[in-house]
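[1] Just need the structure, nothing else, for what follows:
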Amino acid sequence: MGTAYSVMWPEQSDVQPQDTKQKIDALLLNINAQMSTYQTTSELSRFNQAKAPYTQEVSPEFAAVLNLSLQIHSLSQGYFDISVGPLVNLWGFGPDKLTQLAPTQDQIEKAQSVIGLSAIELKGQALTKTADRYLDLSAIAKGFAVDEVADLLDGLGLNAYLVEIGGEIRVKGNKAAGLPWKVAVEAPDFNERRVQKILSLKDVAMATSGDYRNYFEDNGERFSHSIDPFTAKPVRHKLASVTIIDTNCARADALATAMLVMGEQKAKEFAVQQGIKAYLIVRNEQGFTEHLSPAFEGWLNP
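    Residues are numbered from 1 along each chain as shown. The predicted structure follows:
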């Protein structure tokens, strides 16, 4: 997945770290083989490479991620769109070499012509495209992998743990001495890495999406990796970071991405309408302002 992972738990004599690591590595390699855009032989890559019309039988895990992706696409009214892969690649944020130049309008329109989930259908484990489509699960697969590792640890009988993959997190119980897991939300600062807020977590998942790590500059203009499917361009608003608390990390991962693309006002309204626990960080001339959705506020101060 192009990132690092960490798994921690209070010492438990019947769960050996090295054996557990081997099981986690095998699980993550399997998810990569299903959903990676970087591996040309993955299930996802084979689907993307095939010419439409085309139907492919996919694994149960791949089908579960696709199904949730379609649900979040509908819930977010199209702001979460896994078919934006051609635009992600065009703007230099896909598996191809990173560009340092903004594409032309003609290039954008050409890529935009092959965007849209109306050409995608999932029935059980049969995935069909009626027109050529290139899907990208980068905004949900890491969260799904976190959930899968958590399920594996549950199966081993662990009473408490923290799972983190590329910044997406799920925790269970308390760490040693009965203390809650403390996790930092990074400040969306382009120039330095620092903490914006520290959260105490127990029995929840957390995912953050931001515009401050993956970007490039062209003629003094900064272009983020977050692509708006409606404009076919990187987002230009002041919403810099979205953190979501949920019971499911895949869902939190997708919602954080969708709401970052929406922008401040739409994201605030969406969080209220759907009862989402959302923590937003917005840029202003003085630095940053924070906004907590009612559900997040209620979770933080029960």
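[2] mind checking the SS state of Glu121?
    strand (DSSP: H, G, I helix; E, B strand; the rest coil).
[3] And the helices in this structure?
    Using DSSP state H, the helices assigned to the chain run over residues 17-35, 43-49, 60-75, 85-90, 105-112, 141-155, 249-262, 264-274, 294-300.
[4] These: which one's closest to Gln125?
    helix 60-75 (4.7 Å; Cβ to Cβ). (Glycine included, C-beta is placed from N, CA and C.)
[5] same for that closest one, what does it pack against?
    helix 17-35, strand 120-123, strand 126-129, helix 141-155, helix 249-262 (3 or more Cβ pairs under 8 Å, 6 or more residues apart in numbering; DSSP states H and E).
[6] tell me the angle of it relative to helix 264-274?
    When axes from the mean of the first three to the mean of the last three Cα atoms, to 10 degrees is applied, the directions of helix 60-75 and helix 264-274 differ by 110 degrees.
[7] wait, what's in contact with the residue nearest to Ile31 when sequence neighbours are not counted?
    In space, and not counting its chain neighbours, Ile31 is closest to Ala145: 5.1 Å by Cβ to Cβ, 6 or more residues apart in numbering. Neighbouring residues of Ala145 by Cβ atoms under 8 Å, 6 or more residues apart in numbering: Met1, Leu27, Leu28, Ile31, Ile165.
[8] cutoff 7 Å now
    Residues near Ala145 by Cβ atoms under 7 Å, 6 or more residues apart in numbering: Leu28, Ile31, Ile165.
[9] Just among those, which is most surrounded?
    Counting neighbours by other Cβ atoms under 10 Å, the top entry in those is Ile165, with 26 neighbours.
[10] surely that one meets Val146?
    Yes. In this structure, Ile165 is within contact of Val146 by Cβ atoms under 7 Å, at 5.2 Å.
[11] related to what we said a few turns ago, relative to Glu285, which of the helices of the chain is closest?
    Glu285 lies closest to helix 264-274 among these, at 14.9 Å (Cβ to Cβ).
[12] okay, the helices and strands packed on helix 60-75, which one's buried deepest?
    Of all those, helix 249-262 carries the top mean neighbour count, a mean of 28, counting by mean count of other Cβ atoms under 10 Å.
[13] What's the mean pLDDT across it?
    Mean pLDDT, helix 249-262: 96.
[14] quick one, it and helix 264-274 angle?
    Per the same axes, to 10 degrees, the angle that helix 249-262 makes with helix 264-274 is 140 degrees.
[15] Just the C-alphas of helix 249-262, formatted as CSV.
    Extracted C-alpha coordinates of helix 249-262, given in CSV (Å, rounded to 0.1, in the frame of the first residue of the first chain):
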residue,chain,number,x,y,z
CYS,A,249,-12.3,2.0,9.7
ALA,A,250,-13.2,1.5,6.1
ARG,A,251,-16.3,3.6,6.4
ALA,A,252,-14.3,6.3,8.4
ASP,A,253,-11.6,6.3,5.7
ALA,A,254,-14.2,6.8,2.9
LEU,A,255,-16.2,9.4,4.7
ALA,A,256,-13.1,11.4,5.6
THR,A,257,-12.1,11.5,1.9
ALA,A,258,-15.6,12.4,0.7
MET,A,259,-16.0,15.3,3.3
LEU,A,260,-12.5,16.7,2.5
VAL,A,261,-13.6,16.9,-1.2
MET,A,262,-16.9,18.6,-0.2
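[16] Please name every helix or strand in contact with that helix.
    Judged by 3 or more Cβ pairs under 7 Å, 6 or more residues apart in numbering; DSSP states H and E, the packing partners of helix 249-262 are helix 60-75, helix 141-155, strand 168-172, strand 205-210, strand 239-246, helix 264-274.
[17] Can you list the neighbours in contact with it?
    By Cβ under 7 Å, 6+ apart, the residues outside helix 249-262 that reach it are 65, 68-69, 72, 76, 79-80, 139-140, 142-144, 146-147, 168, 170, 205-209, 211, 226, 228, 235, 239, 242-246, 267, 270, 276, 278.
[18] quick one: least confident helix or strand in this structure?
    strand 215-218 (a mean of 44; mean pLDDT, DSSP states H and E).
[19] Met206 pairs with what?
    As for beta bridges, Met206 partners with Ile169, Ile245 under DSSP bridges.
[20] Mind checking the helices and strands packed on helix 60-75 for the one nearest to Ser293?
    For the helices and strands packed on helix 60-75, proximity to Ser293 was assessed by Cβ to Cβ; helix 249-262 is nearest, at 9.7 Å.
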